[in-house]
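> Provided below are the primary sequence and the corresponding predicted coordinates.
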Amino acid sequence: MTYRYACFISYKRPPTWQASPGNPAPDPSRHFLAQFAEVFQQELDSFLSLSVRSFRDVNLSPGSKYPRELSQNLCLSLCLVALVVPQYFESEWCMAEWRGMAKFEQTRSRTPLIIPVLISGDMRMLERQFEGRKAFDLRGVSTPTRQLRSNPRVRGKVQTIADMINNMGSRLKGAALEECDAFSLGLGPDSTKPLFPEKSPMEG
């Protein structure tokens, strides 16, 4: 079994609202987080030199059952790029993805495989959650479609992230991924017992 994705893009999905008479629900795809994740993935992929590209879940809504396919996609990814907002570390989904890749850091390379990208929040408050991993600060991006595609400073940071992933691809080429056959994050009806039951960093 070989790597299927260059990275797994983990992000806090936008909230959803129920429509009511005279008050239609907003389109989640228009939310800032959704737009940022979509454009970020496009730009990141454009800088990758690997034969595989990134993965981002676009099909499930917040609170949906976590299918086994997503567990497999995480396991078959070289690394995890976490698009961090303050609520990221309060999300069961996001923390399951983070903890999963943190374990792969120990078994696959013993070097960082998680790349935090800070979108909003206080860096000093959040950086302790990064546990020494290099974080990229993109808090100045307020219009993703324009800035991620045309701002040289912002694009330079995205390219640096892509270069890190390209280097991982060279270093981890041919790594054995036998654990993916049984890997599960334990968040869906078709999942096994959670493989990594540690506490969230927010729990102290």
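Sure thing, it's come through. Residues are numbered from 1 along each chain as shown.

> What are the boundaries of the helices in this structure?
Listed in chain order, the helices of the chain (DSSP state H) span 32-47, 68-75, 92-104, 123-130, 144-150, 152-171.

> Figure out which of the ones you listed is closest to Phe183.
Closest to Phe183 of the helices of the chain, according to Cβ to Cβ: helix 68-75, at 4.3 Å. Every C-beta, even on glycine, is put in place using the N, C-alpha and C of the backbone.

> Same list (the helices of the chain) but as TSV, adding distance to Tyr5, mean pLDDT and mean neighbour count.
Below are the helices of the chain laid out as TSV (distance: least, Cβ to Cβ, whole Å; pLDDT from 0 to 100; neighbours: other Cβ atoms under 10 Å):
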stretch	distance to Tyr5	mean pLDDT	mean neighbour count
helix 32-47	11	95	19
helix 68-75	6	88	20
helix 92-104	12	92	21
helix 123-130	22	90	14
helix 144-150	20	95	16
helix 152-171	10	96	16
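
> Take those helices and write them to a markdown table, including distance to Tyr3.
A markdown table is the format used below for the helices of the chain (distance: least, Cβ to Cβ, whole Å):
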| stretch | distance to Tyr3 |
| --- | --- |
| helix 32-47 | 15 |
| helix 68-75 | 10 |
| helix 92-104 | 11 |
| helix 123-130 | 24 |
| helix 144-150 | 25 |
| helix 152-171 | 8 |
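
> right, and those - which one's nearest Glu179?
Across the helices of the chain, Glu179 has its closest neighbour in helix 68-75 (6.8 Å, Cβ to Cβ).

> Show residues contacting that closest one.
Contacts with helix 68-75, where a contact means Cβ atoms under 8 Å, 6 or more residues apart in numbering, come from 4-5, 8, 55, 57, 60, 80, 97, 100-101, 104, 177, 179-180, 183-185, 188, 190-191.
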